[in-house]
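Colleague: sharing a model prediction with you, sequence too.
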Amino acid sequence: MKNLCEDMVTVENVNTPGKTTQLNTVKYHAVRDAMLRFLAKDAPSLTFAEIKFAALTHLPENMFPGGDKLGRWQESVQLDFEAKGVIKRATTKPLRFSLLTPSLLQQYPGGGRIATGAGPLLLRGQYTFT
């Protein structure tokens, strides 16, 4: 059961336009920031498995012990990124993802912030980018 005091973030899904879902803010931002470390503007595209493996090394062990449930969270972030035009998928097998956002900071439609090309910093209890 969800803790009613949890901070939640609204995410979109490229496969179901107009539908949104609420996810735990801390976990969403942690996975988002870890994924963005490897989806650089000029870097080659990566598969879902490559992103998961790389992101796992940059997440707190107690958040996803042994990678448990990371795939589900990564998929939620990936679908949200696609819906917001942050990343694109190549129609290859396996699917490959690459960053679309050319600038350092990209404003989310909901007022949230996403940054590319830099690592996350923990400021005042929030994940952010410099």
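Modeller: Looks like it arrived, so ask away.
Colleague: every contact and neighbour count from this point should use C-alpha atoms.
Modeller: Noted.
Colleague: for the residue lying closest to Arg96 once chain neighbours are set aside, give its distance to Leu56.
Modeller: Distances taken as Cα to Cα, 6 or more residues apart in numbering place Thr47 nearest to Arg96, at 4.4 Å, with adjacent residues excluded. With distances taken as Cα to Cα, to the nearest Å, Thr47 is found 14 Å from Leu56.
Colleague: what ranges do the strands span in the protein?
Modeller: With DSSP state E as the definition, the chain shows strands at residue ranges 8-12, 20-24, 46-47, 87-90, 96-99, 105-107, 113-115, 120-123, 126-129.
Colleague: buried ones in the second one?
Modeller: Of the residues in strand 20-24, those buried under the neighbour-count criterion (16 or more other Cα atoms under 10 Å) are Leu23.
Colleague: what angle do that strand and strand 8-12 make?
Modeller: Computed with axes from the mean of the first three to the mean of the last three Cα atoms, to 10 degrees, the direction of strand 20-24 lies at 140 degrees from that of strand 8-12.
Colleague: what's the distance between the residue nearest the centre of the chain and Lys93?
Modeller: In the chain, the centroid-proximal residue (Cα atoms, centre = their mean) is Arg32; its distance is 2.6 Å. Distance, Arg32 to Lys93, using Cα to Cα: 23 Å.
Colleague: check the strands of the chain for me: which has the lowest mean pLDDT.
Modeller: Ranked by mean pLDDT, the strands of the chain end with strand 120-123 at the bottom, a mean of 34.
Colleague: quick one, the longest helix belonging to the chain and strand 8-12 angle?
Modeller: When the chain is parsed with DSSP state H, its longest helix is helix 70-84. In terms of direction (the same axes, to 10 degrees), helix 70-84 departs from strand 8-12 by 60 degrees.
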